[in-house]
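Asker: with the sequence up front, the predicted model follows.
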Amino acid sequence: MYAIVSINGTQTKVEPNAVVAVPLLKGEPGATLTFDKVLLVGDGESISVGKPYVKGASVTAEVVEHFRGEKIYVMKFKRRRDYSRRTGYRSELTRLKVSAIKA
């Protein structure tokens, strides 16, 4: 069984006992969160697609940790102008362990 869930503005495919990284969420490690914005649920034979969300479906997950993603560099450059700028950033992420999918 799997589901596609909208978590904090991003669509993520989840399965039971899977560990996924999503944008930063509130909640201490060990806390249990429930997500109601389930867009699609599939169980191998049938697929339920919501309009926009599947009624009665939810995903329960446990917060494992908060961490920062890998560094992404952004480079600006204009030739023959002696201009170049390099900046970078790291996204704040939360690692979740999916415990159950209720459909």
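Answerer: Sure, I can see it.
Asker: nearest residue to the spatially most central residue of the chain in space, ignoring adjacent ones along the chain?
Answerer: For the chain, the residue sitting closest to the mean C-alpha position, by CA atoms, centre = their mean, is Val22 at 3.0 Å. Nearest residue to Val22 in three dimensions, chain neighbours excluded: Ile7, at 4.7 Å (CB to CB, 6 or more residues apart in numbering). C-beta here means a position set from N, CA and C on the backbone, and glycine is covered the same way.
Asker: picking up where we left off before, what residues are bridge-paired with the residue nearest to the centre of the chain?
Answerer: Thr94 (DSSP bridges).
Asker: and it, how far from Ser99?
Answerer: Taking CB to CB, to the nearest Å as the measure, Val22 falls 15 Å from Ser99.
Asker: my guess is the residue nearest to the centre of the chain contacts Lys13, does it?
Answerer: No - look at Val22 against Lys13 with CB atoms under 8 Å: they stay out of range, at 11.5 Å.
Asker: mind listing what's buried in stretch 90-98?
Answerer: Neighbour counts over stretch 90-98 (16 or more other CB atoms under 10 Å) mark Leu93, Thr94, Arg95, Leu96, Val98 as buried.
Asker: before we move on, back to that, got the contact list for the residue nearest to Val22?
Answerer: Applying CB atoms under 8 Å, 6 or more residues apart in numbering, we find Ile7 in contact with Val22, Pro23, Leu25, Phe35, Lys37, Leu96.
Asker: beta partners of it?
Answerer: Beta-bridge partners, per DSSP bridges, of Ile7: Thr10.
Asker: that one and Lys71, how far apart?
Answerer: Ile7 is 23 Å from Lys71, by CB to CB.
Asker: then Val14?
Answerer: As judged by CB to CB, Val14 and Lys71 stand 26 Å apart.
Asker: just Lys13 next, same as before
Answerer: Distance from Lys13 to Lys71, counting by CB to CB: 25 Å.
Asker: for those two, indicate the residue with more neighbours.
Answerer: A side-by-side neighbour count of Lys13 and Lys71, using other CB atoms under 10 Å, places Lys13 first with 13 against 9.
Asker: what about that one, is that helix, strand or coil?
Answerer: Three-state call for Lys13 (DSSP: H, G, I helix; E, B strand; the rest coil): strand.
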